[in-house]
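Enquirer: Have a look at this prediction, sequence included:
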Amino acid sequence: MYSFSSPSMRNHHICSFRDHAREAIAYLRQYGCHGILAQSAEFAIFDPPLLFSSHLMKLTKKGELLSVQYNMDEVAKAIDLNPERMVIFAALLGNHILSAEDLALFHWHVLGPDHPLNGLRMRAQHLVLPPLDAIVDVVAAYVRNIRDYRDLHAIGLDIFKQSQSQTEDKIKRFKTSVEYYWYGTREAWTRPRGKGSKFNFHTAGSNHVGETQDTGTPQIVVETAEQQQTQAQKLEEDLAKHMSDLALERVKEEGYATVKQEQGESSEVATGSSTQGPQTGELTPPRPPNSQTDVSSPSSQTSSKSSIPSLMEQPVPPCLLVSAPPRPFVKPEVLRISKHRHETGVMMSQVHQALAEGELKFGVTLEDEMSGEFPPSVLLFRPIRQKVYSILFSTQHREHVRKEGAENGASFERPKVVIKEWSIRRENTIQKPDLVEDVPLEWKVPQIERLWLGREPEDKTMRLRAFLSCMYSDSPAMLKTAYVPRHAIVLCCVLRYMLHFTPPILRRHELDAFLAQSVSPILNQPRILMDLKVHNITPRGVQLAAIFMRGVEAALFANDACGAPIPWELCCPWLFFDGKLFQSKLTKAMTGSNLRDMCDGKMDQVGKVERMKQCILEGMHPNFARPVIPQMAPPHYQHGPPPPPPEFFYNFHPAGAPLPPMPQYPMNRGRGMMGECSMGKFQILVV
């Protein structure tokens, strides 16, 4: 939700496209930011000016934002390692280029045969990875004792000397991994343009002739007069070559070639080609100094990251491959717009992922799968996404084109759009995605280009109607601001959709609690909300809040896919929902309070709630969920039945854990019982 709050605070907001760590550090170097607030340890290797922990960040009651700063100089002292060797140290710990499985034999080798964990490796029937905390010190000691840390080829031969297969490929990936970290450091960005890298990323041996090995004392290199004259002539030749490249005719030819290249690459991306080229608008680190490409060629405009694979470009393991129909063709203009909006942070990232990759990944939310009261939120809001897929890929337009072809004698088959959805549920692991097919809307929706770029008044109406149709809320009253305020459209659409679901989810008093907290005057007063005391928080209330926020996420996805008919200023969740305030209203509703008491006796708030409820229930015959009636205890105990175990009332159990058994009470006919009164002890004999 930071993408909604940053514009209101006048902050510049961008999103990464291919490799988050590399693009973030490139933005820092390019625009001179003061530091990075992050959680990944990769940013520490890039040596930013300041590094703060986002995991340990907290907001105090005084309005101060506190975090912990990491001092990399102290880290280097703690492991006794020269900061210049940190990139090799990070590469030997493993990353997405050179995995920990590739380095497993090396890690066990540096641990030594006398290490206590070595027995575990010998007894295991398969490859076992040593724990990270056990290998940090030994890998640091190995890097510390390297004589020439610039000769990466010799280091790679020593690392993978025990490897039985693909040794050359592993050495190459080791060099690429070091290159990945080094080109994000301050030294790589401040290095003179004509000076090559100190590492040999693509050759065997040392890169610099005349540079000495890394010893404890600096050494002076003396060049002869002939070497100095040769170097001066080379610089003059390079200068003359660069000046000749600046001719006007050559600049025009280069510009035309670059445009043609970008158009060709856009068409390759749209047709699903695996060829990766320079993307427009990406943040790129500097071109590698040892590149052999010609300056005047368009390919030289590609930065060094083209040769360094990103996390998105890694091969998919065979166990995760699932056969699915190919994605339909997406026009380059649509991909360009979605990419631009994604990078600037004005569109949900799921839109571009669905268009460019055809895959979506959903995070874990707070759900109790053992209670059985609620379905998984991924499945609950899947019908919304199915309609969104149809809009994004213009399924109705493709179907109309194929019908026209069928009239001319060709075979007709409805085009299918299948998206892979990755999620973790009790009955489904992350190993296989769900293949979700699109569902067209009931009316003819314009193509995605018109929804996004149309400027006519009817285009605006089409956008809003498409959004309401995806949310199953296409009712006339939903557009009346007297019933539904503009900032509460998302709230009412999500609640109306949840009432459509079968079996029912919401209870009547829970619907009142959602609406009552949205009209409360303290919703936008953080200090009052901070001091608010909630005496009873139920597991059902927590799950309802989590499911509702997942519904808001689905609504924002549909809104951006339909061309953003609701502006981002009205989509901010804090305008209509607060979890703490909702729990407070729900507690009042569960204790039997009427709507007036839930609204603190303010009749104007009661009127707003009633009008929104009337709009939500328009044209529906809602079937509210019924509360679970507790079982009556047998009356044969003198002090009442013994209470169930405490864990019975808390339904949050680990996945796969059995439910605690309900205590069984002996059955009887209820005659001849002995009772006891709280005011005094006396016996009653029932005959």
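Expert: That came through, no problem. Treat the numbers as computed from the prediction; the structure is a model and nothing was measured.
Enquirer: Just name the shakiest helix or strand of this protein by mean pLDDT.
Expert: Of all helical and strand segments in the chain, the minimum by mean pLDDT, DSSP states H and E falls on helix 248-270, at a mean of 39.
Enquirer: Look at Ala564 and give its secondary structure.
Expert: coil (DSSP: H, G, I helix; E, B strand; the rest coil).
Enquirer: dump the residue contacts of it.
Expert: Neighbour list for Ala564: Val346, Met347, Arg463 [criterion: CB atoms under 8 Å, 6 or more residues apart in numbering]. All C-beta spots, glycine's among them, are computed from the backbone N, C-alpha and C.
Enquirer: was I right about Met478 contacting Leu468?
Expert: Yes: Met478 is within contact range of Leu468, at 6.1 Å (criterion: CB atoms under 8 Å).
Enquirer: Quick check: neighbours shared by those two?
Expert: Joint contacts of Met478 and Leu468 (CB under 8 Å, 6+ apart) are Cys493.
Enquirer: just the strands in the stretch 101-250 of the chain please.
Expert: Taking DSSP state E, counting those that start in this stretch as the test, none of the stretch 101-250 of the chain falls into strands.
Enquirer: Let me know the closest of the contacts of Ala564 to Ile308.
Expert: Ile308 lies nearest to Met347 out of the contacts of Ala564, by CB to CB, at 27.2 Å.
Enquirer: Local confidence estimate at the closest residue to that closest one other than its chain neighbours?
Expert: Closest residue to Met347 apart from its sequence neighbours, by CB to CB, 6 or more residues apart in numbering: Arg341 at 3.8 Å. Here, the pLDDT recorded for Arg341 equals 91.
Enquirer: Arg341: neighbour count?
Expert: Other residues near Arg341 come to 19 when the count uses other CB atoms under 10 Å.
Enquirer: residues contacting it?
Expert: For Arg341, the contacting residues are Met347, Val351, His352, Asp560, by CB under 8 Å, 6+ apart.
Enquirer: and if you look at Asn594?
Expert: Asn594 touches nothing, counting by CB under 8 Å, 6+ apart.
Enquirer: For it, give me phi and psi.
Expert: phi -80, psi 180 (degrees, to the nearest 10).
Enquirer: What confidence value was assigned to it?
Expert: On the pLDDT scale, Asn594 is placed at 89.
Enquirer: Please tell me how far it sits from Ser584.
Expert: From Asn594 over to Ser584 the distance is 16 Å, taken as CB to CB, to the nearest Å.
Enquirer: which stretches of the stretch 501-650 of the chain aren't confidently modelled?
Expert: Within the stretch 501-650 of the chain, the segments meeting pLDDT under 70 span 628-650.
Enquirer: from what I can see Ile522 touches Ile528, true?
Expert: Yes: the pair Ile522 and Ile528 qualifies as a contact (CB under 8 Å) at a distance of 4.6 Å.
Enquirer: Could you check which of the two has the larger neighbour count?
Expert: With neighbours defined as other CB under 10 Å, Ile522 and Ile528 compare such that Ile522 has more, 16 against 13.
Enquirer: So the more buried one versus Leu586, what's the distance?
Expert: Separation of Ile522 from Leu586 (CB to CB): 16 Å.
Enquirer: now His55
Expert: 31 Å.
Enquirer: between those two, who's got more neighbours?
Expert: Legend: neighbour count by other CB under 10 Å for His55 and Leu586, higher for Leu586 (27 against 8).
Enquirer: Quick check: phi and psi on the more buried one?
Expert: The phi/psi pair for Leu586 (degrees, to the nearest 10) is phi -70, psi -40.
Enquirer: so who does it touch?
Expert: Leu586 neighbours (CB under 8 Å, 6+ apart): His509, Glu510, Ala513, Thr538, Gly541, Leu544.
Enquirer: ok, Leu495 - how many residues close by?
Expert: Counted with other CB under 10 Å, Leu495 comes out at 23.
Enquirer: helices and strands around the helix or strand harbouring it, which ones?
Expert: Per DSSP states H and E, Leu495 falls inside helix 489-500. Here helix 489-500 touches helix 508-518, helix 539-561, helix 603-616, going by 3 or more CB pairs under 8 Å, 6 or more residues apart in numbering; DSSP states H and E.
Enquirer: Save the ones you listed as JSON lines, and put in mean neighbour count and distance to Trp443 too.
Expert: Listed next are the helices and strands packed on helix 489-500 as JSON lines, based on neighbours: other CB atoms under 10 Å; distance: least, CB to CB, whole Å:
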{"stretch": "helix 508-518", "mean neighbour count": "24", "distance to Trp443": "28"}
{"stretch": "helix 539-561", "mean neighbour count": "22", "distance to Trp443": "16"}
{"stretch": "helix 603-616", "mean neighbour count": "18", "distance to Trp443": "21"}
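Enquirer: Determine which of these approaches Arg22 most closely.
Expert: helix 539-561 (25.9 Å).
Enquirer: Tell me the spacing between Pro565 and Leu617.
Expert: 23 Å.
Enquirer: Kindly apply the preceding question to Asp512 instead.
Expert: For Asp512 relative to Leu617 (CB to CB), the value is 12 Å.
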